[in-house]
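Enquirer: Here is a sequence together with a model predicted from it:
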Amino acid sequence: QVQLVESGGGLVQAGGSLRLSCEASGRTLRTSTMGWFRQTPGKEREFVGTIGWNGGRIIYTDSVKGRFTISRDSAKNTVYLQMNLLKPEDTAVYYCAAGSIFLPDPRLGTGYDYWGQGTQVTVSS
């Protein structure tokens, strides 16, 4: 079993930055595809970005390109989501997820096996 714990969420003004962390326990993430998703009340979960097991195959949803950066530190068994130039529409609960070494389409949440509990990000205007 893998347990994922997100942290780093909070309240920030528009234009500000936050860095989310997703730390894993129970198993190494070295061979896992990692994803970040977000969800707001009444809406479906939305793909944010993904990073491959070796740090490659990085994909972002269009709305965050140029503002968000995903990275991973295998030694710390942690994945990060650096969020810059935040906008009110980025307000959501952010979740990290872990999947197998290769996912046919890592933008789909259904491909991931483990999920964190989520961390709230609120961007005020």
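Expert: It's in. Numbers count the residues shown, from 1 in each chain.

Enquirer: where are the low-confidence patches of the chain?
Expert: Applying pLDDT under 70 to the chain flags no residue at all.

Enquirer: Tell me which residue lies nearest the centroid of it.
Expert: residue 36 (2.3 Å; C-alpha atoms, centre = their mean).

Enquirer: ok, the nearest residue to it once chain neighbours are set aside - contacts?
Expert: Nearest non-adjacent residue to residue 36, counting by C-beta to C-beta, 6 or more residues apart in numbering: residue 48, 4.2 Å away. Glycine gets a C-beta too; all of them are placed from N, C-alpha and C. The neighbourhood of residue 48, defined by C-beta atoms under 8 Å, 6 or more residues apart in numbering, consists of 35-38, 60-61, 64, 68, 81, 94.

Enquirer: Kindly state the beta-bridge partners for the residue nearest to the centre of the chain.
Expert: residue 49, residue 96 (DSSP bridges).

Enquirer: just the strands in the protein please.
Expert: 3-7, 10-13, 18-25, 33-39, 46-51, 59-60, 68-73, 78-83, 92-99, 112-115, 119-124 (DSSP state E).

Enquirer: Those: which one's closest to residue 106?
Expert: Nearest to residue 106, of all the strands of the chain, is strand 46-51, at 4.1 Å by C-beta to C-beta.

Enquirer: Could you export that closest one as PDB, CA atoms only?
Expert: Extracted in PDB, the C-alpha atoms of strand 46-51 (Å, rounded to 0.1, in the frame of the first residue of the first chain):
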ATOM      1  CA  GLU A  46      -9.700  18.100 -13.300                       C
ATOM      2  CA  PHE A  47      -6.300  17.100 -14.500                       C
ATOM      3  CA  VAL A  48      -3.500  19.600 -13.700                       C
ATOM      4  CA  GLY A  49      -0.300  17.900 -14.600                       C
ATOM      5  CA  THR A  50       1.800  14.700 -14.600                       C
ATOM      6  CA  ILE A  51       5.400  13.600 -14.400                       C
END
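
Enquirer: distance between it and the chain's centre?
Expert: Put simply, strand 46-51 sits 6 Å off its chain's centre (C-alpha atoms, centre = their mean, to the nearest Å).

Enquirer: Let me know the angle separating that strand from strand 18-25.
Expert: Calculated by axes from the mean of the first three to the mean of the last three C-alpha atoms, to 10 degrees, strand 46-51 forms an angle of 70 degrees with strand 18-25.
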